[in-house]
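> Have a look at this fold, sequence not included:
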DNA sequence: CTAATTATGTCAACATAGCTGACATAAATT
DNA sequence: AATTTATGTCAGCTATGTTGACATAATTAG
């Protein structure tokens, strides 16, 4: 068994075996793994999974978006959405309203209950983010936002800004 | 169609409806979604999924780690790992070596083929990261690393630094 | 007005990747 | 010699995604 040659100089920050940034790849993996772990306990107590979380999040953020718009943001099929959305409607977290201009469309709105759950799920994630910003001593939050935005496929970046144009329209308070 | 009321002042950066940082939550979601999308096409052509990617990544990064260590890093059960690992072994991407001190253990090593695939999968991710760093004009990469590290649960941060302690041990070249 | 298209819903079958529980084996430890 | 540990394996279940086919109602095009 040949023992490997020890390099005379310590390993450089830039890995030798690659032109590939394994460090940041791995940091993203771990950061996101724990970031998504926060809401899981809450969801489990509702019998919900991450799919419900994503749907509720976007309906809460873009009230009045249509089924088609939601499918586009989530990049899933309508059959996948159907099960999860039905449960959220049945449990009174989301309501479907016939579109005013186009009555084929179903606009999706969170109920009070839905907004409360969306907030409860977002809170630990928000806390984690801010604790990390503090701990890391991040002064330039805007730079982090720019970086994350730049990680998104250019053709999909419109999804980032596109808060619902209907967000300020009339919303009958339901439930 | 009632046209929405235009606020007299533009929306503040700090959202009004929440003490919750929806902006960064959503940016993390989209950034990670597209970050993980890169390797999917490659994996599909091998008949592999993201589970294979994660296993191969960590075996490549921590050559010689044991099955138990891999389970800990991935936070999955051995039954979940079994199917995926078996496929990677059968296709010659990973080899299992009986542990030298403890012969019950199986140390996992990537083959040349495995290393090549791990690199091919990591390349587009690394390119995306560096393009984003450039585009966002990130000068302080260390700050980003600190932030991502701080996002990880403290008790799990040891996983970040723990490059395999056996990485420099003998590795017979196989395949 | 009729025909075609669109938005949505639904049924059925399937794939992937996770899970629990139970049990087996070999090696190490007590 | 008995127990514990590391791993493997079988069986069945769940969550979340997929495709394909078809139905309905509403809008749009001709």
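Perfect, thanks for sending it. Values in this document were obtained by computation on a predicted structure and should not be read as measured data.

> Select the longest helix from chain A.
When chain A is parsed with DSSP state H, its longest helix is helix A:112-135.

> Those residues of chain A touching DNA strand D, which are they?
Chain A comes close to DNA strand D at residues A:47-52, A:54, A:74-77, A:79-80, A:83-84, A:102-104, as judged by Cβ under 7 Å from any atom of the strand. C-beta coordinates here come from the backbone N, C-alpha and C atoms, glycine included.

> Quick one: find the helix or strand in chain A with the lowest mean pLDDT.
helix A:158-161 (a mean of 80; mean pLDDT, DSSP states H and E).

> helices or strands next to that one in the packing?
Identification of packing neighbours for helix A:158-161 by 3 or more Cβ pairs under 8 Å, 6 or more residues apart in numbering or on different chains; DSSP states H and E yields helix B:22-37.

> Give the rounded mean pLDDT of the helix it packs on.
Throughout helix B:22-37, pLDDT has a mean value of 93.

> Tell me if that helix is near chain A.
Yes - residues of helix B:22-37 contacting chain A under Cβ under 8 Å from any Cβ of the partner chain: B:22-35, B:37.

> Name only those of those that count as buried.
B:22-35 (16 or more other Cβ atoms under 10 Å in any protein chain shown).

> ok, so of these, who is nearest residue B:135?
residue B:31 (12.6 Å; Cβ to Cβ).

> who's in contact with the residue most central in space within chain A?
With distances taken as Cα atoms, centre = their mean, residue A:54 lies nearest the centre of chain A, 6.2 Å away. Residues near residue A:54 by Cβ atoms under 8 Å, 6 or more residues apart in numbering or on different chains: A:74, B:29.

> and it, what pLDDT?
97.

> want to try a markdown table for the buried ones among the residues of helix B:22-37 next to chain A, with distance to DNA strand C as columns?
Below are those laid out as a markdown table (distance: Cβ to the nearest atom of the strand, whole Å):
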| residue | distance to DNA strand C |
| --- | --- |
| B:22 | 23 |
| B:23 | 26 |
| B:24 | 25 |
| B:25 | 22 |
| B:26 | 22 |
| B:27 | 24 |
| B:28 | 19 |
| B:29 | 18 |
| B:30 | 21 |
| B:31 | 20 |
| B:32 | 15 |
| B:33 | 16 |
| B:34 | 18 |
| B:35 | 16 |
